[in-house]
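J.: quick one, fold the following:
(chains A and B)
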Number of protein chains: 2
Amino acid sequence: MAAIRIRDSIFRRRVSSSRPRGRRPGSSDTRDAILAAARERFARHGYDRTRIRDVAEDAGVDAALVHYFFKSKDGLFVAAMQLPFRPADVIAPVLAEGLDGLGERIVRRLLSVWDEPANRAALLAIVQGASAHPGAAEALREFLRREMVGRIAGVIEAEGPELRANLVASQIIGLIAARYIAQLQPLAGLSADELAPVVGATLQRYLEGDLRARPGA
Amino acid sequence: MAAIRIRDSIFRRRVSSSRPRGRRPGSSDTRDAILAAARERFARHGYDRTRIRDVAEDAGVDAALVHYFFKSKDGLFVAAMQLPFRPADVIAPVLAEGLDGLGERIVRRLLSVWDEPANRAALLAIVQGASAHPGAAEALREFLRREMVGRIAGVIEAEGPELRANLVASQIIGLIAARYIAQLQPLAGLSADELAPVVGATLQRYLEGDLRARPGA
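T.: From the prediction side, this is the model:
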């Protein structure tokens, strides 16, 4: 992050003394400059209040070029934070299949992503990095609220969709922490087939069950 | 931690060149030296493999003095890591009341501890500090596995108590992360009375329910 900040401030100086100069879209220098500007903006202003055109302006390029490289704001964020994938790409297909069995499908998808060592290493590095940079951590939280929790809330039909999506998130976060960070045994050693029905049932209750009733204990 | 290491290494040099010298038990210097030795040992060897007598030897004092100051190994760990309380003091009375309604009681106790600003600040500082020090983080995980997860497993009567206690821990960790770290709304704004039955039912199913059956959705 320190290296990024230095590069970014060098770049800002250049930019402030000149107008956008129509860099070649293929230049990795330009792409890096956009990412540095994005990291800075997201960390300072959060995810929700950062606009693509502000990042473009900071980087001294046209907004169309940012769209060309990163498609969308969430694509830009994913690249800037070096997330191994777009959360929307992971969660949207799971949600699209409907509420029936959704809890279990969420757990299976989550485990298939996190059980992959390369993904896990990248995701743990992001968690680790975020805990050292409060601005980046807050941007990441906003991003996940919008791209994960917000999307889950969007498919819930029962009353209180926001609280229900919060509860789903709480069990997902806890499952990740217990399995991949605390590595609690025997939970960490279970297969997806063993774990998905057990935790999936919790998510399903949060998604559509009667939250005031005791589940069949 | 750096300051602690330096003090500790100065202290070690003194110790290695002399026998324990019967310091006055009331001396805060002695108490600090024991804590520094304990932090070093726990970070290097973990919680489970650290013995009180090793810490005493590192600090150049008699093991009886460590017992005098800190009562037990978990008391020593709590003081060394600056935990705001002994987890055993928090969890044991809740467990002692039996399995009936235990899920909800765990949530209420958890919220009563974390909703207290002084506790929350101290606990978040520990989480933050641990993520920067892998040795300390591992010791903290071992400690929580033994003092929290192990104690919960000990009261479970249904089959697979360890997995059940892991699942309880996963939802507890996730609830803490969602409410106090990610501060998801509306979950973070709910009272204990609103939240305890909702999340308590999940814990109760993990504690004694049929994990293969779908709860009444």
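J.: okay, the residue nearest to A:I34 when sequence neighbours are not counted: pLDDT?
T.: Nearest non-adjacent residue to A:I34, counting by Cβ to Cβ, 6 or more residues apart in numbering or on different chains: A:A59, 4.6 Å away. (Each C-beta comes from the backbone N, C-alpha and C, glycine too.) pLDDT for A:A59: 94.
J.: ok, now the one 10 residues further on?
T.: At A:F69 the predicted local confidence, pLDDT, stands at 93.
J.: now do the same contact list for it.
T.: A:25, A:31, A:34, A:76, A:79 (Cβ atoms under 8 Å, 6 or more residues apart in numbering or on different chains).
J.: relative to A:F42, how far out is it?
T.: 16 Å (Cβ to Cβ, to the nearest Å).
J.: same question for A:L207.
T.: Counting by Cβ to Cβ, the gap from A:L207 to A:F42 is 30 Å.
J.: what does A:G209 give?
T.: Taking Cβ to Cβ, one finds A:G209 at 36 Å from A:F42.
J.: which one's more surrounded, the two?
T.: A count of neighbours by other Cβ atoms under 10 Å in any protein chain shown puts A:F42 above the other of A:G209 and A:F42, at 25 against 22.
J.: against chain B, how distant is the more buried one?
T.: Distance, A:F42 to chain B, using Cβ to the nearest Cβ, to the nearest Å: 16 Å.
J.: what angle do the helix or strand hosting A:I173 and helix B:161-176 make?
T.: Taking DSSP states H and E as the criterion, A:I173 maps to helix A:161-176. Angle, helix A:161-176 to helix B:161-176, by axes from the mean of the first three to the mean of the last three Cα atoms, to 10 degrees: 130 degrees.
J.: returning to what we had before: what about the residue nearest to A:I34, neighbour count?
T.: Other residues close to A:A59 by other Cβ under 10 Å number 28.
J.: quick check: phi and psi at it.
T.: phi -90, psi -10 (degrees, to the nearest 10).
J.: for chain B, what's the nearest residue on chain A?
T.: Ranked by Cβ to the nearest Cβ, the top residue of chain A for proximity to chain B is A:G174, at 2.3 Å.
J.: isn't A:E104 up against A:G200?
T.: Yes. If you go by Cβ atoms under 8 Å, A:E104 and A:G200 touch, sitting 3.1 Å apart.
J.: picking up where we left off before, from the contacts of A:F69, which is closest to A:L99?
T.: For the contacts of A:F69, the minimum distance to A:L99 (Cβ to Cβ) is 31.1 Å, reached by A:L76.
J.: need the contact list for that closest one.
T.: A:34-35, A:38, A:52, A:55, A:66, A:69-70.
J.: now do the domain split for chain A, please.
T.: A:2-80, A:87-208 (automatic domain parsing).
J.: A:I172 contacts A:R109, doesn't it?
T.: No. Counting by Cβ under 8 Å, no contact exists between A:I172 and A:R109, whose distance comes to 10.3 Å.
J.: have a look at those two and say which one is more surrounded.
T.: Legend: neighbour count by other Cβ under 10 Å for A:I172 and A:R109, higher for A:I172 (23 against 17).
J.: what helix or strand is A:L95 on?
T.: Going by DSSP H and E, A:L95 is in helix A:87-96.
J.: tell me the buried residues in the helix or strand that that helix is followed by?
T.: Downstream of helix A:87-96, the first helix or strand assigned by DSSP H and E is helix A:102-114. By neighbour count on 16 or more other Cβ atoms under 10 Å in any protein chain shown, the buried set for helix A:102-114 is A:102-111, A:113-114.
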